[in-house]
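Q: The sequence isn't on hand, but the structure is:
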């Protein structure tokens, strides 16, 4: 049993990934406290909840990391269809009772199944694409697209516009990694954006978007106009929080946008603004970099994974974190439209916290499982080196040299 | 290829995040951007602070107009009635899903459930029972779905915790109510009413609750007006509903007036037991008070609300003198602009000294730049410019004298006095050295402290309106009357100075015949049937002593004429403003006909006895007699607080002053002087007097304005005085004599040597 040269690198990236997700969670607890304290000592009521949920999430991460991710390969469709069925069930209940219904109520806390839907979709897509070649043709794209569209609509009708908009980037990225032609993907992306714009313009007549969703989009398109006063208020207060933070911030717990209650949703969707206000460019920039590190480490693990299912899952999870953090931070800075979407690991949002940790656990598990290469027991070192070279890249695998005894 | 694509993906992510960092740097690191947002983040608000209005004092420091601290009670509705808002939210939210009983039914049910705790009729909320610590939760509604419960929880987050959505074991949500809190509103107000009643302030039962309801109604109406504007601008309904909710909450979070002027003991009680008076706040305020009331009323004047006159506000705004409208941006701007500026909510002097010294009394507004939280509450003071209190105005008035004179006038006016006395009167006393007024009284007076009390003016109108006009004006300075014979002082001076020769040159020794009828115009007569003297002729001194009209017909017509009477009347202060430091009034000029309007002989005759062509305010008459008393070189200007230089008077005949003084002394002391009768008792005073009995037609009746003017002590005059009773049936001395007697008595008490005649009978 020998250790290949590449194992060390993967191990390092796994460590980086674990450390960065822990750091983000810790930051999240700190700033949830800051935004919910109102003078209470640590931990505030909100922070206590966040700690509890983080503990549950961390347990989930460790379990997922210990499990062999290849079980997920086998169960991918089952997971996908179960979550989709739950969502559809909730939708039916909602239609029956006529209210908004994003949460399932458990005894201790509520779960937002949409977050799990994202993981389910990534698993199902990876399972679908892992050995395929036909996605290089247009016809081959029909499968993955329809696989995505179903859950996307379910989530959109929850209603959760923000999360449903995270699905297309994941799909495109996974197709890209699995070998689809960039030309096709670019065309699809352009068509998707056009469709979205058309839906927005026709939204008065479509029952698809809730009024508040349309308001949010409108406030992004027509900032400052009279019709978007409420959402414009939120964006304006967010920009004031970020801008007034300056290079070094106002100090932890001393943000006026925070303590004077000017910024709505400050402990959930707009927590980044408070980070920027209280720790300034130094802290907020570091937080952005931390997300960069998290995403890079996930993609690196994907890069070093030779097994196609694992590689696709890692790419999908990496892109989903990247896209979600980008959208959330972007909306607080006025770069992207305001959608109700949490900042992964940091926002006061239990389901997101749990789902994010589960996803990181899956990636850690992918990084831990290596390709098995069967070789004679007395394989001499020069031969072993040749095997490494044969594996065409820097090998991402532990070489298990075990010869059958029979 | 796969690996390359993952690398490409990584690169794309890196680019996107670089974009985020760039935007972050743009917002936070760019100095202009950071500075602009940092300023916005202060959430600056402005809070004005009002100065204390200066007091009006008498010469001895007696407060004529002052400020009295008053304790007021305010209520904060969401704390006073913690059930109201949560209940609205509940009905609102549930109505979207279920058939909900009307709000009143739910409210009634809660109060029924709370009944066991409500205070009984005998013990209206025993204040010693401090129930604040206990709470009693009861189930209000069951079977709510959890989503509704979730939404309700979110909406109740900012309310007092009187309703709670709880999830029962079977997963169905329920709404619970805290009965103690829910029943609080009624019991707090009842407790408060009981407390006020115990301290002598007994508002009728339910008045406080009505006050609360009226305030809510007014707020509702204001919001409705605001929404109406928006609706016309085409704002959609659902947005309006939200705005209405926001506005209502913001308005109701503020304290509103519940009771003004409550005793300190009540305030103490409330502040010691805040839990029993949840939602009630005590605040200190200031009220303008006029402790000496009616005797000084028209002099001190009173205050009015600036915002009662939109036109004036607009003028002030155009002049840039309105601080609220042209939103003051900074402390520096206020420091520059605040002198002479007012705020919409200010009180300003309506009349009297409050108006004429308004600028000095008002003081300067202060302002703080504060930072406010989302709900508009002050969290910090960033900059502060304190207000500058108004200056006190010290008047020359002698409060004791003023009140004595007021009482004396009251005694001369119906219905206090016997029939035939006047309908109104005034009197004034001047310090000759400076022209300062020691007293200046009009009767009837008004109590300025009650002027803004509803019903007070109506009461005055009922009491005085039928009998005299203008009960609210300052009579001494602004009510012109025919001077009658007191004008003869001016005629005498004019004749001595520039009387033309007619048959003979004019001199004080020149005698004119007087036996009842005026020979030249038989229609004109004198009061005496057989002449004033045995010789049936009078000289100047005798004419003044007897107030002989015929003598003055001769002089006025033949020696002077209107063209000479007019300038000399002007010289003595008739027909022009007295210059007193009260708001200038057109009436205060009096009336003095120009010579062109008195060309006929009979007109000149009437002119000369102060009838028809002359009307003068008591202060104008006072000036003319003060000019003689002061030695004839000046006409003192009456003033209350700010001395003004006297007008110069040039008398070229050295005998003028002595001759007139002699005549006035005789009027007061010679056996047949018009003011020397024993009944009046004026002869004991060392004073010179002149009576006047001006005829006025009131309907069919001929009544008099009865004047009595003069100065004292005779040798070295220090005071001059005037008293007039309007529309009396009596002659001048009889009508006004008692008032003058009271004035002189008061001075004689202090200095008998100067103000009383030595020796018997006053012969000199």
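A: Done, it's in. Since the model is a prediction, treat every value here as computed from it, not as a measurement.

Q: So for the residue of the stretch 1-150 of chain B found nearest chain A, what's the pLDDT?
A: Relative to chain A, the nearest point of the stretch 1-150 of chain B is residue B:37 (2.7 Å; C-beta to the nearest C-beta). Every residue, glycine included, has its C-beta placed from N, CA and C. Note for residue B:37: predicted pLDDT of 92.

Q: So it lies in a helix, does it not?
A: Yes. Residue B:37: assigned to a helix according to DSSP: H, G, I helix; E, B strand; the rest coil.

Q: residues contacting the residue nearest to it when sequence neighbours are not counted?
A: Leaving aside its chain neighbours, residue B:37 sits nearest to residue A:243 (2.7 Å; criterion: C-beta to C-beta, 6 or more residues apart in numbering or on different chains). With contact set as C-beta atoms under 8 Å, 6 or more residues apart in numbering or on different chains, residue A:243 has these partners: B:27-28, B:33-34, B:36-38, B:40-41.

Q: any idea how far the residue of the stretch 551-700 of chain B found nearest chain A is from residue B:615?
A: Ranked by C-beta to the nearest C-beta, the top residue of the stretch 551-700 of chain B for proximity to chain A is residue B:583, at 48.5 Å. Note on residue B:583: its distance to residue B:615, by C-beta to C-beta, to the nearest Å, is 20 Å.

Q: what does residue B:718 give?
A: In terms of C-beta to C-beta, residue B:718 sits 29 Å off from residue B:615.

Q: before we move on, what about residue B:669?
A: Residue B:669 is 30 Å from residue B:615, by C-beta to C-beta.

Q: cool, and residue A:162?
A: On the measure of C-beta to C-beta, residue A:162 and residue B:615 end up 87 Å apart.

Q: beta partners of the residue lying closest to residue B:167 once chain neighbours are set aside?
A: Of all residues not flanking residue B:167 in the chain, residue B:173 sits nearest, at 5.1 Å (C-beta to C-beta, 6+ apart). Applying DSSP bridges to residue B:173 gives these bridge partners: residue B:144, residue B:167.

Q: got the contact list for residue B:173?
A: Residue B:173 neighbours (C-beta under 8 Å, 6+ apart): B:143-146, B:148-149, B:165-167.

Q: and if we set it to 6 Å?
A: Counting by C-beta atoms under 6 Å, 6 or more residues apart in numbering or on different chains, residue B:173 touches B:144, B:146, B:149, B:165, B:167.

Q: In PyMOL, how would I select just the buried ones from those residues?
A: What follows is the PyMOL syntax selecting those of the contacts of residue B:173 that are buried according to 16 or more other C-beta atoms under 10 Å in any protein chain shown:
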select buried, chain B and resi 144+146+149+165
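
Q: returning to what we had before: isn't the residue of the stretch 1-150 of chain B closest to chain A up against residue A:245?
A: No. Using C-beta atoms under 6 Å, residue B:37 makes no contact with residue A:245, being 8.2 Å away.

Q: between these two, which one's more packed in?
A: Neighbours per residue, other C-beta atoms under 10 Å in any protein chain shown: of residue B:37 and residue A:245, the larger number sits with residue A:245, 31 against 22.

Q: how far away is the more buried one from chain B?
A: Applying C-beta to the nearest C-beta, to the nearest Å, the value for residue A:245 to chain B is 6 Å.

Q: Could you list which residues are in contact with that residue?
A: So residue A:245 contacts A:276-277, A:280, B:28 (C-beta under 6 Å, 6+ apart).

Q: Tell me the one of the residues you listed nearest residue B:273?
A: Checking the contacts of residue A:245 against residue B:273 by C-beta to C-beta gives residue A:277 as the nearest, at 41.6 Å.

Q: what sits up against stretch A:258-270?
A: Residues contacting stretch A:258-270 (C-beta under 6 Å, 6+ apart): A:32, A:35-36, A:46, A:234, A:237-238, A:241, A:257, A:273-274, A:332, A:340, A:347-349, B:373-374.

Q: Could you give the separation of stretch B:220-237 from the chain centroid?
A: 37 Å (C-alpha atoms, centre = their mean, to the nearest Å).

Q: tally of neighbours for the residue of the stretch 551-700 of chain B closest to chain A?
A: Residue B:583: 20 neighbours (other C-beta under 10 Å).

Q: In three-state terms, label it for me.
A: coil.

Q: my guess is it meets residue B:356, correct?
A: Yes. Contact criterion C-beta under 6 Å: residue B:583 and residue B:356 qualify, at 5.1 Å.

Q: Helices along the stretch 551-700 of chain B, start to end?
A: B:562-571, B:601-608, B:618-629, B:656-669 (DSSP state H, counting those that start in this stretch).

Q: Name the stretch among those that sits most buried.
A: Across the helices of the stretch 551-700 of chain B, averaging neighbours per residue (mean count of other C-beta atoms under 10 Å in any protein chain shown) puts helix B:618-629 on top, at a mean of 30.

Q: and the helices of the stretch 551-700 of chain B as TSV, adding distance to chain A and mean pLDDT?
A: Putting the helices of the stretch 551-700 of chain B into TSV (distance: least, C-beta to the nearest C-beta, whole Å; pLDDT from 0 to 100) gives the following:
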stretch	distance to chain A	mean pLDDT
helix B:562-571	68	93
helix B:601-608	75	91
helix B:618-629	61	95
helix B:656-669	79	93
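
Q: Let's check: the centremost residue of chain A is which one?
A: Per C-alpha atoms, centre = their mean, the C-alpha nearest to the average position across chain A is that of residue A:321, at 3.1 Å.

Q: That one: helix or strand, and which one exactly?
A: Taking DSSP states H and E as the definition, one finds residue A:321 inside helix A:308-332.

Q: residues making contact with that helix?
A: Residues contacting helix A:308-332 (C-beta under 6 Å, 6+ apart): A:73, A:118, A:122, A:126, A:129-130, A:166, A:169-170, A:173-174, A:177, A:238, A:270, A:272-273, A:291, A:295, A:298-299, A:301-302, A:305, A:336, A:338, A:341, A:343-344, A:359, A:363, A:366, B:13, B:16, B:20.

Q: Kindly report the same for stretch A:18-25.
A: So stretch A:18-25 is contacted by A:54, A:290, A:293-294, A:345-346, A:360 (C-beta under 6 Å, 6+ apart).

Q: before we move on, the earlier item: so how far is the helix or strand hosting the residue nearest to residue B:37 from its chain's centroid?
A: Using DSSP H and E, residue A:243 falls within helix A:229-245. On the basis of C-alpha atoms, centre = their mean, helix A:229-245 sits 25 Å off its chain's mean C-alpha point.

Q: what pLDDT, on average, does it get?
A: 82.

Q: next one: stretch B:18-29
A: On average, stretch B:18-29 scores 95.

Q: likewise stretch B:364-376?
A: Mean predicted confidence for stretch B:364-376 is 80.

Q: Residue B:605 - nearest residue in space that isn't next to it in sequence?
A: Going by C-beta to C-beta, 6+ apart, residue B:605 has residue B:553 as its nearest residue, at 4.2 Å.

Q: show me what contacts the one you found?
A: Neighbouring residues of residue B:553 by C-beta under 6 Å, 6+ apart: B:518, B:524, B:605.

Q: again, but for residue B:616
A: By C-beta under 6 Å, 6+ apart, the contact list for residue B:616 reads B:480, B:483, B:574, B:590.

Q: Could you rerun that using 10 Å?
A: Residue B:616 makes contact with B:479-484, B:486-487, B:490, B:569, B:572-575, B:578, B:589-592, B:610, B:622-624, B:694, B:707, B:722, B:724, according to C-beta atoms under 10 Å, 6 or more residues apart in numbering or on different chains.

Q: List only buried entries from those.
A: By 16+ other C-beta under 10 Å, the contacts of residue B:616 give B:479-484, B:486-487, B:490, B:569, B:572-575, B:578, B:589-590, B:592, B:610, B:622-624, B:694, B:707, B:722, B:724 as buried.
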